[in-house]
Structures are given as structure tokens and as C-alpha cells.
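please find the sequence and the predicted model below.
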Amino acid sequence: MVTMKWSEQQIKYIIQDMMDENPLACRALFSISEVKFTNKVPTMAVSLAEHPVLNINLTFCRQHLQSEEDVKAVLLHEFLHVLLLHTEKYKVGDTVNVTSTRDGRSLQSKVKIGRAHV
């Protein structure tokens, strides 16, 4: 597997780019209180709070995100949690129903909300 050498500064530049080009990302970022680079989350995660912290695991980014578009896709996923108020609506330990689609079929499952950061 090819690994990218993403740095904190490169990720911050990508976040800034997203603010300039994507109004949804910009709106979500105004709610985020801090961007923290940490190994305490396996991927990226926003904390459950009114003003959440965006936690980014650089090792995950380097091993799995091959392009700027990949980084933006994962960041947008996290920003959507903020925009949809998941960070305020749920608490650690809550169980939520999730519907996903695979091969044209809807699949129902229950997911337990874990800790976004320590």
C-alpha cells in the first residue's frame, strides 16, 4: 500500500480550501471549537458537544487517504455530523437506528455511539 506524507499543515490548508469552496463546510467549521491532531481516535471524529472538537488521526490519513479529494470526503463526512446536529443530539452510549443501502436493498442496523475523543 502506498502511504501519503500528509502533514498537519497540509490538512489545515485543505480545511481552509473547503471553507472557501463549500458553504456547508464553512458553516460546520464555525461550530467547531478546535482541530486537534491525535492518535486517540482511529480515523477522524467530532466530539459530542455544542462546540465540538474535530479530531484527526494523521496515521489514518497517511495510510488510507491517497488524494486531497479523499481527505475532503472524510472531512465533509465529519462536517455533516455537525450540520445535522449529531454532535449535540446524541450522547456517548446512545444506540441509533441506521439504514444503509447495498445492492439495491435497504439494510437496518443499530449502532452504539462511541467516544469521539478522550
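Nice, thanks for sending it over.

just the helices in the protein please.
Listed in chain order, the helices of the chain (DSSP state H) span 8-21, 23-31, 58-64, 68-83, 86-89.

what's in contact with the last one?
Outside helix 86-89, the residues within contact range by Cβ atoms under 8 Å, 6 or more residues apart in numbering are Ser31, Val46, Ser47, Leu48, Ala49, Glu50, Pro52, His81. Quick note: C-beta positions are derived from backbone N, CA and C, even for glycine.

any of those buried? List them.
Taking 16 or more other Cβ atoms under 10 Å as the criterion, what is buried in the contacts of helix 86-89 is Ser31, Val46, Ser47, Leu48, Pro52, His81.

farthest-separated two in those?
Ser31 and Leu48 (12.6 Å; Cβ to Cβ).

returning to what we had before: in TSV, list the buried ones among the contacts of helix 86-89 along with distance to Lys5.
Formatted as TSV, the buried ones among the contacts of helix 86-89 follow (distance: Cβ to Cβ, whole Å):
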residue	distance to Lys5
Ser31	30
Val46	25
Ser47	27
Leu48	31
Pro52	28
His81	27
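
any chance of those in JSON lines with pLDDT as columns?
JSON lines is the format used below for the buried ones among the contacts of helix 86-89 (pLDDT from 0 to 100):
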{"residue": "Ser31", "pLDDT": "85"}
{"residue": "Val46", "pLDDT": "93"}
{"residue": "Ser47", "pLDDT": "92"}
{"residue": "Leu48", "pLDDT": "90"}
{"residue": "Pro52", "pLDDT": "92"}
{"residue": "His81", "pLDDT": "91"}
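
sorry, back to before: out of the helices of the chain, which gets nearest to Leu107?
Of those, nearest to Leu107 by Cβ to Cβ is helix 68-83, at 18.8 Å.
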